[in-house]
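Peer 1: Any chance you could fold what I've pasted below:
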Amino acid sequence: MPEKIDMHALTREELAEAVETLLAIRGRHTELVSVIVPAGANLNVVINQLEAEKSTARNIKSKTTQKNVIEALERAMRQLRQLGQQTPKNGIAIYSGNVSNVEGQEDMRIWSIIPPEEINMRLYRCDQVFIVDPLKEMLEIKELYGLFVIDRKEATIGLLEGKKIKIFQHLESGVPGKVRVGGQCLSEDTLIMTEKGNKMLKDIQIGDKLESLDIEKNKIIFSKCINKWKRVKEEIINIKTKTNKISCSYDHLLFLWIEDRLVEINAGIIEKGAILLNNSLKADRIINIENKKESRELIDIETEVGNFFANGLLVHNSSQRYHRITEGKAKDFYRECAELLKKYFFDIKNLKGILIGGPVPTKDEFLKEGLLVTALKEKVIGLKDIGYADEHGIELLVEASDDILKEQEITLEKKLMEKFFNMLGKEKNKTAYGIEAVLHALELASVETLFLSKKLDKDTIKKLKAKAEETSAKVEMISVDTEEGQQFYNISGIGAILRFAIQ
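Peer 2: Presented below is the predicted three-dimensional model:
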């Protein structure tokens, strides 16, 4: 009769025991069979693969090893056939082979393990050891951390589960990058009226106050220069009016006077006869336009009010208009990202924190906008400078946050121990420590949280955990990596905070 499979999924504790048993086994030859089948896999395909491996095993020179491998494979196939057409919900791992340490003796064993979490890989191996790495990963502490990387072009949202990264969504913004925009530039010898007299554009400094127009009040004012940069352009347009002239790039914005109002228009599409506004606030008609293909370094500036007079003609502040457009798009993108973060992270109960990465200004701008709901903003535990905002950026964020993640575990442990020691000093009747006192509290179902040092022997840990589970007490494992953890171990490594005082 084939050994019947226990179809219940193991608890983490049961899995830990099984893994420890399997790790301790060493075959005398390459005759230990490991078969890992993910949920949803076609069992017939797996069984057929094992049948093929059984045929291959007949070529093994050692008759003893050949016999043991074939029997191990046959046992594994019998187990799989018991499952019918469908694998268990979380998949199954089967380990079969001769575990005897004595040459020539046989001790055939088989383990069929349905793990507590879903297996996401398929594996067959015949070796001197059982392959249990996928099961060991399930035993690692699964802390959940939200991951978010953003720049102005794109963003990616993911989740860190233990050491596994899960990508939720990647999105693109449509927002142009933060570069010197437009190239809406003027010739460097353009004359600019400042508060201190005329200056050539090349001599204008950030902070200078330039002659500008308060459009709403139709009044000449002086507006501060807040930015300046140079660009090389391959085409130039020379515009001459009755009283002035200006040389600029094709995409420089000028103000035309049309039906008693100012209209922004690119220099490259302005026609002869159009009317500009001069610094006497009078109409100045264009009498000639000359287009030249000529490489020249031009200069652009930005003012507080968005315009200034160049060679006595009103021109648009090229950057500011573009800035308003891009900033609007950026805010829309930030809003979309904030909504998606809420969608993916808000209802995750065990979310320990959120890590955010991206270029220096963008990630800070995103948080500064205040669009992220307070509950999630309070969970942001780290900001990292990352040059990518795609899936690779998510990986870089996790690598860069190693210090934060380690600190989080230590901080949590410190807080747990601080609470325990504070109560031990101030509310002794609501705490217990030492195996006898804690066992007594567990028998009375008084334990709210059980603390166990990881340095305790495994039998003691197993016994006390089982007692805690009977009364739904929470169990916290404490390392000796901190001063508090070592101090806890020194007073037995067994403690509890109680639901109610006991005598």
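Peer 1: tell me which residues of the longest strand seen in the chain are tucked away?
Peer 2: The strand of greatest length in the chain, counted in residues with DSSP state E as the criterion, is given as strand 219-241. When neighbours are counted by 16 or more other Cβ atoms under 10 Å, the buried residues of strand 219-241 are found to be 222, 223, 225, 228, 231, 233, 236, 237, 239, 241. To be clear about C-beta, it is placed using only N, CA and C from the backbone, and glycine gets the same treatment.
Peer 1: Over to stretch 434-442?
Peer 2: Along stretch 434-442, the positions that meet the burial threshold by neighbour count (16+ other Cβ under 10 Å) are 437, 438, 439, 441, 442.
Peer 1: Filter those down to just the ones in helices.
Peer 2: With helices taken from DSSP state H, the overlap with the buried residues of stretch 434-442 comprises 437, 438, 439, 441, 442.
Peer 1: show me what contacts residue 364?
Peer 2: The contact partners of residue 364, by Cβ atoms under 8 Å, 6 or more residues apart in numbering, come to residue 383.
Peer 1: any idea how far it lies from residue 357?
Peer 2: Taken as Cβ to Cβ, to the nearest Å, the spacing of residue 364 relative to residue 357 amounts to 12 Å.
Peer 1: How about residue 172?
Peer 2: Distance of residue 172 to residue 357, computed by Cβ to Cβ: 17 Å.
Peer 1: hmm, back to that, how about the buried residues of stretch 434-442 in JSON lines, adding distance to residue 490 and pLDDT?
Peer 2: What follows is the buried residues of stretch 434-442, written out as JSON lines (distance: Cβ to Cβ, whole Å; pLDDT from 0 to 100):
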{"residue": "437", "distance to residue 490": "16", "pLDDT": "95"}
{"residue": "438", "distance to residue 490": "16", "pLDDT": "95"}
{"residue": "439", "distance to residue 490": "20", "pLDDT": "95"}
{"residue": "441", "distance to residue 490": "20", "pLDDT": "94"}
{"residue": "442", "distance to residue 490": "22", "pLDDT": "95"}
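Peer 1: mind listing the helices for the protein?
Peer 2: For the chain, helices defined by DSSP H occupy the ranges 12-23, 43-57, 63-82, 133-139, 318-345, 360-368, 374-377, 391-400, 402-426, 435-443, 458-470, 483-490.
Peer 1: With residue 160 as the reference, name the closest of those.
Peer 2: Comparing those by their distance to residue 160 (Cβ to Cβ), the top pick is helix 391-400, with 6.0 Å.
Peer 1: any idea of the mean pLDDT for the closest one?
Peer 2: Per-residue pLDDT values over helix 391-400 give a mean of 92.
Peer 1: Can you give me the buried ones in it?
Peer 2: Buried residues in helix 391-400, counting neighbours by 16+ other Cβ under 10 Å, are found at 393, 394, 395, 396, 397, 398.
Peer 1: Also stretch 85-101?
Peer 2: Neighbour counts using 16+ other Cβ under 10 Å place 87, 88, 90, 91, 92, 93, 94, 95, 96, 97, 98, 99 of stretch 85-101 among the buried residues.
Peer 1: From the buried residues of stretch 434-442, pick the one nearest residue 116.
Peer 2: Nearest to residue 116 among these, counting by Cβ to Cβ, is residue 442 at 23.7 Å.
Peer 1: Confirm for me that that closest one is in contact with residue 452.
Peer 2: No - between residue 442 and residue 452 there is no contact under Cβ atoms under 8 Å: 11.8 Å.
Peer 1: Overlap of the contact sets of the two?
Peer 2: Contact criterion Cβ under 8 Å, 6+ apart; residues bridging residue 442 and residue 452 by contacting each: residue 464.
Peer 1: per the record, what domains does the protein have?
Peer 2: Here the domain parsing of the chain from automatic domain parsing is 12-139, 144-176+325-405, 191-320, 407-498.
Peer 1: for the third one, the distance to its chain's centre please.
Peer 2: Computed by Cα atoms, centre = their mean, to the nearest Å, the separation of domain 191-320 from the middle of its chain amounts to 46 Å.
Peer 1: now swap in stretch 398-410 and tell me
Peer 2: With Cα atoms, centre = their mean as the basis, stretch 398-410 stands 13 Å off its chain's centre.
Peer 1: And stretch 330-348, by the same measure?
Peer 2: The chain centroid and the centroid of stretch 330-348 are separated by 13 Å, computed with Cα atoms, centre = their mean.
Peer 1: what sits up against it?
Peer 2: Where contact means Cβ under 8 Å, 6+ apart, the residues beyond stretch 330-348 that reach it are 144, 146, 148, 150, 152, 155, 157, 159, 168-169, 171, 173-175, 351, 354, 365-366, 369, 371-373, 375-376, 379.
Peer 1: okay, how far is it across stretch 192-212, tip to tip?
Peer 2: Counting by Cα to Cα, to the nearest Å, you get 10 Å between the two ends of stretch 192-212.
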